[in-house]
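Student: Give the three-dimensional model of this entry:
(chains A and B)
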Amino acid sequence: MSAAPTLWNITRRSLAKDLRLEWRSKDAINSMLFFALLVVVIFSFGFDPTAEESRRIAGGLLWVAVLFATVVALNQTWTRELRNQVLDAYRLSPAPPQALFLSKTIGNFLFVAILEVLMVPLFVVFYNLRSVGPVWQLLVVAALATWALVVNGTFFAALSIRTRSREIMLPLILFPISIPALLAMVDATTSILTGDNSPFFWMRLLAVYDVVFTAVSLLLFEPVLNAE
Amino acid sequence: MTKLYKALTAVTALLLVYGFYQAWYVAPMEATMGNVQRIFYYHLPSAWVAFLLFFVNFLASVWYLIRRTDSADALALAAAEVGVSFCTIVLLTGPIWARPIWGIWWTWDARLTSTLVLWLIYVSYLVLRHYATGGQVPVLAAALGIFGFVDVPIVYMAIRWFRTQHPQPVIGGGQGSGLDPAMWVAVLWNLAAFAMLAVLFVWARYRQALAERALEEAYIQAEGEAR
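Tutor: Residues are numbered from 1 along each chain as shown, chains lettered A, B, ... in the order given. Got it, this is the predicted structure:
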């Protein structure tokens, strides 16, 4: 208890706790990984993964797989905190609610990033992929897209734990809002993979989406956390 | 309330009849589309009313988070429900119109797609309201209402870019730049009628939502006293 309870300190502590828990249990990452692997394999039955054609649809397949796997991880974000009334304790504490939100979002970002790092080679192997455009652009798109998915996802997971049938609730509210982000990440990735179009409009759109929804989430998290 | 409400109902009924008369008998026949085009007088007013109601939902959601009044939440709920209904009318009349004119029920054109996405967003809002439990519903719903509204311009930008990049689907005539003045008259009368109809629906639903809440509270109190 040496550090002062600033936003950054609490975010760091909370994030460290989440990462430690995940490191010991590996709940989220294992289920996500296996789920994503299943999706990749099932997709390859649905779409014939021949070289030229697959490059055009690989962006869509990859992000849809990531989206589904992300939902699996997001659903576990807050349930852990419900079990021992941790959320109630958090409400009583003077810690800023934004710190809790940020730590959860960064944690989910890391989990999904790890998932992507492990999943992309699978895609490359199964779909015989080779990028025409520069790879650094793919990295930027991946970072922006992942943040777009997890910032809204973490917020909506906090909404959906208060509902009946919470597992099904999260995708129902997350997917409609995420449509523009999905469109942007899929088209940016496809543009880079095929080299046909410039991905910069989509990258800018993703950046705008990230900034706007990070701001809205931080603003609205406090009333949602304290809702009773 | 009842007297004013009845008077407004009568006015709305008259407006609807007059709007119908304007749309079917006064407005000139569209040159290429014929009578089919007259669905436009219901299609466009429904769309504008729906968009307006989603905006009302946003304002009420913000107001709720600031003031925490039951009435703001009831208004948000009523506006979203009636807005989704009108948006559904848009999505139903659109294909009915498109089928004889474009030869297809649906096309992934920018405006069609963004309207569909808008509809999805507000349906998810209603789903959340339905599944959330207890006194937290208004806060959660207000948060989602704000998210949904903030998303609208981004959806619009994304889909417009998506569609201008790809080959445009064939879009026959329609409204666009040159609308006959007589057609405008019919549009505006129907817009007035539909706006009034929306006000009536929202008002009724708003009162009902508030009554529901009062009833619940009375029930809880009565149970407390019985114990």
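Student: which bits of chain A sit near chain B?
Tutor: Proximity of chain A to chain B, by Cβ under 8 Å from any Cβ of the partner chain, involves residues A:152, A:155-156, A:159-160, A:162-165, A:169, A:172-173, A:175-177, A:179-180, A:183-184, A:187, A:197, A:201-202, A:205, A:208-209, A:212-213, A:216, A:220, A:223-224, A:227-228. C-betas here are computed from N, CA, C, even on glycine.
Student: Narrow these to just the buried residues.
Tutor: Those of these that meet the buried threshold are A:152, A:155-156, A:159-160, A:162-163, A:169, A:172-173, A:175-177, A:179-180, A:183-184, A:187, A:201-202, A:205, A:208-209, A:212-213, A:216, A:220, A:223-224, A:227, by 16 or more other Cβ atoms under 10 Å in any protein chain shown.
Student: Which ones among those residues map onto helices?
Tutor: Using DSSP state H, the subset of these located in helices is A:152, A:155-156, A:159-160, A:169, A:172-173, A:175-177, A:179-180, A:183-184, A:187, A:201-202, A:205, A:208-209, A:212-213, A:216, A:220, A:223-224.
Student: Can you list the low-confidence ranges for chain B?
Tutor: Along chain B, segments meeting pLDDT under 70 span B:1, B:31, B:164-179.
Student: got it, and chain A?
Tutor: Filtered on pLDDT under 70, chain A yields the residue ranges A:1-4, A:49-52, A:228.
Student: let's see it at 50
Tutor: Under the criterion pLDDT under 50, the flagged ranges of chain A are A:1.
Student: By residue count, what's the longest helix in it?
Tutor: For chain A, the longest helix by residue count, based on DSSP H, is helix A:51-83.
Student: just chain B next, same as before
Tutor: When chain B is scanned for its longest helix (criterion: DSSP H), the result is helix B:181-226.
Student: Spell out the residue ranges of the helices in chain B.
Tutor: B:2-21, B:40-67, B:70-102, B:110-131, B:137-165, B:181-226.
Student: Distance of the residue nearest the centre of chain B relative to chain A?
Tutor: In chain B, the residue lying closest to the centroid (Cα atoms, centre = their mean) is residue B:50, at 2.1 Å. Taking Cβ to the nearest Cβ, to the nearest Å as the measure, residue B:50 falls 16 Å from chain A.
Student: Any figure for the gap between that residue and residue B:84?
Tutor: 8 Å (Cβ to Cβ, to the nearest Å).
Student: One more: residue B:191?
Tutor: With distances taken as Cβ to Cβ, residue B:191 is found 19 Å from residue B:84.
Student: Which one's more surrounded, the two?
Tutor: Set residue B:191 next to residue B:84 and count neighbours by other Cβ atoms under 10 Å in any protein chain shown: residue B:84 wins out with 21 against 18.
Student: check contacts around that one.
Tutor: B:50, B:119, B:122, B:123, B:126 (Cβ atoms under 8 Å, 6 or more residues apart in numbering or on different chains).
Student: excluding its backbone neighbours, what's nearest the residue most central in space within chain A?
Tutor: Of all residues in chain A, the one closest to the mean position by Cα atoms, centre = their mean is residue A:150, 3.3 Å from it. Leaving aside its chain neighbours, residue A:150 sits nearest to residue A:108 (4.2 Å; criterion: Cβ to Cβ, 6 or more residues apart in numbering or on different chains).
Student: how about the one you found, what does it touch?
Tutor: Contacts of residue A:108 by Cβ under 8 Å, 6+ apart are A:70, A:73, A:74, A:77, A:150, A:153, A:154.
Student: and what of residue A:180?
Tutor: Contacts of residue A:180 (Cβ under 8 Å, 6+ apart): A:205, A:209, B:117, B:151, B:154, B:155, B:157, B:158, B:159.
Student: could I get those residues as TSV with distance to residue B:101?
Tutor: Listed next are the contacts of residue A:180 as TSV, based on distance: Cβ to Cβ, whole Å:
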residue	distance to residue B:101
A:205	32
A:209	35
B:117	23
B:151	30
B:154	30
B:155	26
B:157	28
B:158	27
B:159	22
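Student: separation between the residue nearest to residue B:70 when sequence neighbours are not counted and residue B:8?
Tutor: Spatial nearest neighbour of residue B:70, chain neighbours left out: residue B:213 (5.7 Å); criterion: Cβ to Cβ, 6+ apart. In this structure, residue B:213 and residue B:8 are 24 Å apart, going by Cβ to Cβ.
Student: what does residue A:142 give?
Tutor: 55 Å.
Student: ditto for residue A:34
Tutor: From residue A:34 to residue B:8 the distance is 59 Å (Cβ to Cβ).
Student: Neighbour count: those two, which is higher?
Tutor: Ranked by neighbour count (other Cβ under 10 Å), residue A:34 and residue B:8 place residue B:8 first, with 15 against 12.
Student: which ones are touching that one?
Tutor: B:196, B:199, B:200.
Student: ok, and the most crowded of these?
Tutor: residue B:196 leads these on contacts (other Cβ under 10 Å) with 20 neighbours.
Student: just checking, that residue touches residue B:9?
Tutor: No - the criterion here is Cβ atoms under 8 Å, and residue B:196 misses it with residue B:9 at 9.1 Å.
Student: residues near the residue nearest to residue B:191 when sequence neighbours are not counted, how many?
Tutor: Nearest residue to residue B:191 in three dimensions, chain neighbours excluded: residue B:45, at 4.2 Å (Cβ to Cβ, 6+ apart). Residue B:45 sits with 27 neighbouring residues when counted by other Cβ under 10 Å.
Student: what's the spacing between residue B:45 and chain A?
Tutor: 25 Å.
Student: Report the contact partners of that residue.
Tutor: Shown in contact with residue B:45 (Cβ under 8 Å, 6+ apart): B:187, B:190, B:191, B:193, B:194, B:195.
Student: Residue A:150 too?
Tutor: Taking Cβ under 8 Å, 6+ apart, we find residue A:150 in contact with A:70, A:74, A:105, A:108, A:109, A:112.
Student: element containing it?
Tutor: Using DSSP states H and E, residue A:150 maps to helix A:135-160.
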